[in-house]
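S.K.: Attaching a predicted model along with its sequence, questions to come.
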Amino acid sequence: MINSQEIFNNSWDRIDAHQDAFLTLFYQNFLDSSDEIKELFENVEMQNQKKMLRMSLLYLISYASSQLPTSSLKKLTQVHKKLNIRKDQYDLWMDTLIKTIQSLDPKFNNKVEQAWRFTFKSGLDFMKESS
Ligand code: HEM
């Protein structure tokens, strides 16, 4: 039987084939989710931000299997600690990620959603613990 990690990897491949559309829609959804989030990104150069987001997703995916934070993940956590990002905002970030996958992955279903949530949970918990 296909396991959660394979379900995630297959969905990731379908999404990553349309990387720019994915990153653009993610930030569009995230900025639309609340005025507070929109204000946070007001002066941020989004093209660069999208590139950094893809890299940081890879740090979180790698943390899911190693459970060892790399210096890049520690640095990312510190950046967000300085920005005073709250736990509930991380939850909104994850919900936005799911919403984005739902619109772009033609094979999206409950199992795909659970596989994405499971993959990112430990990395998000790591970042939340420092918030
Ligand atoms: C695990 C979830 C998240 C990931 C993977 C992520 C990823 C990133 C990355 C890669 C950067 C650039 C860091 C750098 O400059 O070195 C960044 C910056 C930033 N993030 Fe996040 N982020 C996450 C959660 C959030 C949340 C929940 C918020 C807000 C509610 C947020 C708001 C911001 C803001 C405002 C910046 C600063 C942009 C700037 O001033 O240049 N992030 N994030």
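M.R.: Ah, there it is. Note that the coordinates shown come from a computational prediction; the quantities given were computed from them, not determined experimentally.
S.K.: Please make it C-alpha for all contacts and neighbour counts, starting now.
M.R.: OK.
S.K.: Show me which residues of the chain are close to the ligand?
M.R.: 37, 40-41, 44, 52-53, 56-57, 76, 85, 89-90, 93, 124 (C-alpha under 6 Å from any ligand atom).
S.K.: Now for those residues: which two are most distant?
M.R.: Farthest-apart pair in the residues of the chain next to the ligand is 44 and 124; separation 22.1 Å (C-alpha to C-alpha).
S.K.: Look at those two and report which has more neighbours.
M.R.: Between residue 44 and residue 124, counted using other C-alpha atoms under 10 Å, residue 124 has the larger neighbour count: 20 against 10.
S.K.: helix/strand/coil for that one?
M.R.: Here residue 124 is helix, with the state taken from DSSP: H, G, I helix; E, B strand; the rest coil.
S.K.: Show me where this structure has its helices.
M.R.: Ranges of helices in the chain, per DSSP state H, are 4-16, 19-33, 35-40, 46-66, 71-82, 87-104, 110-129.
S.K.: Please name every helix or strand in contact with the first one.
M.R.: Think helix 4-16. The contact analysis (3 or more C-alpha pairs under 8 Å, 6 or more residues apart in numbering; DSSP states H and E) places helix 4-16 against helix 110-129.
S.K.: what angle sits between the helix it packs on and helix 87-104?
M.R.: Per axes from the mean of the first three to the mean of the last three C-alpha atoms, to 10 degrees, the angle that helix 110-129 makes with helix 87-104 is 150 degrees.
S.K.: Now do stretch 2-13: everything it contacts.
M.R.: Outside stretch 2-13, the residues within contact range by C-alpha atoms under 8 Å, 6 or more residues apart in numbering are 105, 107-108, 111-112, 114-116, 119.
S.K.: Restricted to buried residues, select these in ChimeraX.
M.R.: Applying 16 or more other C-alpha atoms under 10 Å to the contacts of stretch 2-13, the buried members can be selected in ChimeraX as follows:
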select :105,112,115,116,119
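S.K.: and which of the contacts of stretch 2-13 is nearest to residue 64?
M.R.: Among these, and counting by C-alpha to C-alpha, the member closest to residue 64 is residue 119, at 5.9 Å.
S.K.: No further questions, thank you.
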